[in-house]
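Q: sequence plus predicted model, see below.
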Amino acid sequence: MKTLKALGLAAAAALAAAQVGGAHAEQTLNIGFTGPLSGGAALYGENTLSGLRMAIEDVNAAGGIKIGDETYKVNLISLDDKYSPAQAATNAKRLVKESQAAAVFVPHTGGVFALQDFNVADDFLIMAYTSVPAVTRQGNPLTVRIPPEFSNYVSSFSDYAMQHFGKKLGIAGATHEYAKIWTEMMSQTWEQKGGEIVASNPMDYNKSTDFYTGVSRVIAANPDVMFVGGASEPTGLVMQQARQLGFQGGFIVMDQAKLDEIAVVTGGLDLLEGAIGVVPLSEYDNEIAQAFVERYKKAHGKVPGSEAAYNYLAFHALAKAMELAGSTEPQQVRAKMAEAITAMEPQYNLYAIQGMSDDGGFITPTTMAVVEQGKIVRKAVAN
Amino acid sequence: MNLLFQQVLNGLTLGSIYGLVALGLTLVYGILHIPNFAHGALYMVGAFASYYFMTDMGLHYWLAMLLSGVVVAALAVLSERLVFHPLRNAPPIHDKIAAIGILLFLEAVIQMLWGSDFRRMASPYNGILNFDGLIIPEQRLLIIVGAFTLMLALHLFLRRTMLGSTIIAMAQSREGAFLVGIDANRVAMLTFAISGMLAAFAATLYAPINLVYPAMGHLVIMKAFVIIVLGGMGSIPGAILGGMILGFAESFGGFYLSSDYKDIIAFSLLVVILSFRPTGLFAKGAH
């Protein structure tokens, strides 16, 4: 135990030394990130991280964040939690205690809940990339939810699907925490609106070797609409196999999956006719979003997803809030967040976010897209 | 009726892949008594190698599969020469740790070279056969036929050729094999080569209906270990039968009960079989 402690101290000292050494005369502000960087969800974690990195490059290239009279260069410290809430909590402790990170970005629901247990006591801001409503409804005063709550999607997607395809829903969604909450809300909403759930067969999208059996079970009940969704790529496989097995109805796609990313797996949009989902960033026709897409493509060789874009804008909002607050004190930063969103440079606000609700959620206009005749078409949503 | 046949086909598809991967694992275990945890990583490298040969070099599917088999076989032999061979006199735990080391190393290398993106490997067999409502995508049919062909070829090789017999001899008795002058090094390398090649073929057969990414080996290797425990460590018929049992348990359990429970069904089956036959279905009694 003693040696372990000594080792820990030595490591901490080395880390501190490295940071001091790297900082030269400039002041450095540490920002933390904990997310999956290895294992099956590594891509998702790296995508979120890529958005953060781009935003930090922007800020550092412009000289840094001006807080009070000092200017700080931003240093991002990213730790791998392999999607595990427990590991996320350990990482966050390390980020805050060892590196004095003022804010920690977490891109998964389980991790956010784990951090909410102690973020007030340890005094740091959680930048939560998850659209589960409970994240903000629990009233944690130091949490900021970046994407919109998914409850808006559930209702508008259901309306559209019922109108165009029918009232029989087959559930073939995923089984991770986030998907479970979505599925539950989806089932409730569907039945409230007078629909019927003919089959419910959620599948583990991350750990299944094959979906054929699960999908055929849902199709055997003859649904008009199928609810699918987990990470985009396995979702693509599920949808492709549903079409192979003869399913002709519509799909409601959970917001974690993006239509453009699914199309890469299914080899085009032909199989996705009638799929309803969130609007992929690449389909936003305003200049700000397009400029970001182009820039991202140059740097990473692929079209950015919303993980990158939302985290990009969230970091800019955070930086602005720190400037406005003149402090990195989490409470003060959070208090200035709503103002920061309206005050930040429009070119950073990729999703035209309008502000922040009192409980800490960014207010984003709900969007919906449908695949019609081989094209992703934006649809108006009644809010 | 069609639904039933559909599940039989699913079971066969899954069972074929599981069986192929488990075969390589059991071969190595039977002869060297090494639980090769890195086998799943070899499977993954096999998929990436085929992906590289097909998309970057533009080779035909079958040629890519063959080359991938050669690459992974070479990699398996290399791991035997550089890692397992020097450890032959060390306690067994060293082999296990080394195998996990190889697994992590290969995954990290692949992630460094290709990143963690999910990739799709296109196969030339995209069609879907429809026999009066019974739907069979061509690639799935190919998996079943391919796997059985490979299993038959392996059987013939082991039973009908001198080289193959040396592997069997080693598996039956190390000392006996040495007495009749069998070169243990050669047999070890040969076994690793075959297991690597089987993993690469399995991955290339399965990749077109699935995704290619650095962590893809985890799912399959987990099942393969269950299979060889179920079938009897080191048993070849055990690996094939075990693969089929698991494949069918997943497809029927997933269809008639729930996809949520399919793993529970498969693992309960393992518990039941092991409580009646603690050494697996085809125990050899040698160890």
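A: Received, thanks.
Q: what does the stretch 51-200 of chain B have sitting close to chain A?
A: Within the stretch 51-200 of chain B, the residues that sit near chain A (C-beta under 8 Å from any C-beta of the partner chain) are B:107, B:111, B:115-118, B:120, B:122, B:128, B:135, B:137, B:140. Yep, even glycine has a C-beta here, placed from its N, CA and C like the rest.
Q: now list the buried members of those.
A: Buried members of those, counted by 16 or more other C-beta atoms under 10 Å in any protein chain shown: B:107, B:111, B:115-118, B:120, B:135, B:137, B:140.
Q: just the helices in chain B please.
A: With helices called from DSSP state H, chain B shows them at B:2-32, B:39-51, B:61-79, B:92-114, B:138-160, B:162-172, B:174-179, B:184-206, B:216-231, B:236-252, B:262-276.
Q: circling back: closest to B:Ala64 out of the residues of the stretch 51-200 of chain B next to chain A?
A: Nearest to B:Ala64 among those, counting by C-beta to C-beta, is B:Ala122 at 11.0 Å.
Q: ok, that closest one - contacts?
A: Residues in contact with B:Ala122 (C-beta atoms under 8 Å, 6 or more residues apart in numbering or on different chains) are A:267, B:54, B:208.
Q: now do the contacts for B:His218.
A: Neighbour list for B:His218: A:39-40, B:40 [criterion: C-beta under 8 Å, 6+ apart].
Q: wait, A:Val303 sits on A:Glu294?
A: No - using C-beta atoms under 8 Å as the test, A:Val303 is too far from A:Glu294 to be in contact (9.8 Å).
Q: more neighbours: the two, which one.
A: Between A:Val303 and A:Glu294, A:Val303 has the larger neighbour count (other C-beta atoms under 10 Å in any protein chain shown), namely 17 against 12.
Q: ok, the more buried one to A:Ser282 distance?
A: Per C-beta to C-beta, to the nearest Å, A:Val303 is found 5 Å from A:Ser282.
Q: equivalent analysis for A:Phe150, please.
A: Distance of A:Phe150 to A:Ser282, given as C-beta to C-beta: 21 Å.
Q: secondary structure class for the closest residue to B:Ser259 other than its chain neighbours?
A: The spatially closest residue to B:Ser259, leaving aside those adjacent along the chain, is A:Gly214, at 3.8 Å (C-beta to C-beta, 6 or more residues apart in numbering or on different chains). Secondary structure for A:Gly214, judged by DSSP: H, G, I helix; E, B strand; the rest coil, is helix.
Q: wait, A:Gly214 sits on A:Met203?
A: Yes - judged on C-beta under 8 Å, A:Gly214 makes contact with A:Met203 at a distance of 4.2 Å.
Q: shared neighbours of the two, anything?
A: A:172, A:238, B:259.
Q: part of a helix, is the second one?
A: Right, A:Val238. Yes - assessed by three-state DSSP, A:Val238 belongs to a helix.
Q: and it, how far from A:Leu245?
A: According to C-beta to C-beta, A:Val238 and A:Leu245 sit 11 Å apart.
Q: for the helix or strand containing A:Ala263, packing partners?
A: Element membership for A:Ala263 (DSSP states H and E) is helix A:259-266. Helix A:259-266 makes packing contacts with helix A:232-244, strand A:275-277 when contacts are defined by 3 or more C-beta pairs under 8 Å, 6 or more residues apart in numbering or on different chains; DSSP states H and E.
Q: okay if I get the ones you listed as TSV plus mean neighbour count and distance to chain B?
A: Shown next, in TSV, are the helices and strands packed on helix A:259-266 (neighbours: other C-beta atoms under 10 Å in any protein chain shown; distance: least, C-beta to the nearest C-beta, whole Å):
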stretch	mean neighbour count	distance to chain B
helix A:232-244	24	4
strand A:275-277	27	18
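Q: and of the ones you listed, who's closest to B:Val272?
A: helix A:232-244 (30.5 Å).
Q: what does that closest one rub up against?
A: In this structure, residues lying in contact with helix A:232-244 by C-beta under 8 Å, 6+ apart are A:172, A:174, A:203, A:205-206, A:208, A:211-212, A:214-215, A:218-219, A:226, A:228-229, A:251, A:253-254, A:256-258, A:261-266, A:271-272, A:275, A:305, B:118, B:128, B:135, B:137, B:209-211, B:213.
Q: take those residues and keep only those in strands.
A: A:226, A:228, A:251, A:253, A:275, B:128, B:135, B:137 (DSSP state E).
Q: just the CA atoms of stretch A:139-156, as CSV, please.
A: Taking C-alpha atoms only, stretch A:139-156 is exported to CSV below (Å, rounded to 0.1, in the frame of the first residue of the first chain):
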residue,chain,number,x,y,z
GLY,A,139,-31.7,19.8,-10.8
ASN,A,140,-28.0,19.4,-10.5
PRO,A,141,-26.8,23.0,-10.4
LEU,A,142,-23.4,22.4,-12.1
THR,A,143,-24.6,20.4,-15.2
VAL,A,144,-25.0,21.7,-18.7
ARG,A,145,-26.8,19.5,-21.2
ILE,A,146,-25.5,20.1,-24.7
PRO,A,147,-28.0,18.4,-27.1
PRO,A,148,-31.8,18.9,-27.0
GLU,A,149,-33.9,16.5,-24.9
PHE,A,150,-35.2,13.7,-27.0
SER,A,151,-38.8,14.0,-25.8
ASN,A,152,-39.5,16.4,-28.7
TYR,A,153,-38.3,13.9,-31.2
VAL,A,154,-40.4,11.0,-29.9
SER,A,155,-43.6,12.9,-30.3
SER,A,156,-43.0,14.4,-33.7
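Q: mind listing what the closest residue in space to B:Gly280 that isn't next to it in sequence touches?
A: Leaving aside its chain neighbours, B:Gly280 sits nearest to B:Gly232 (3.2 Å; criterion: C-beta to C-beta, 6+ apart). Listed by C-beta under 8 Å, 6+ apart, the contact partners of B:Gly232 are B:238, B:279-284.
Q: cool, and B:Ala203?
A: Applying C-beta under 8 Å, 6+ apart to B:Ala203 gives the contacts B:43-44, B:46-47, B:50, B:68, B:216.
Q: please report how far it lies from A:Thr209.
A: Counting by C-beta to C-beta, the gap from B:Ala203 to A:Thr209 is 12 Å.
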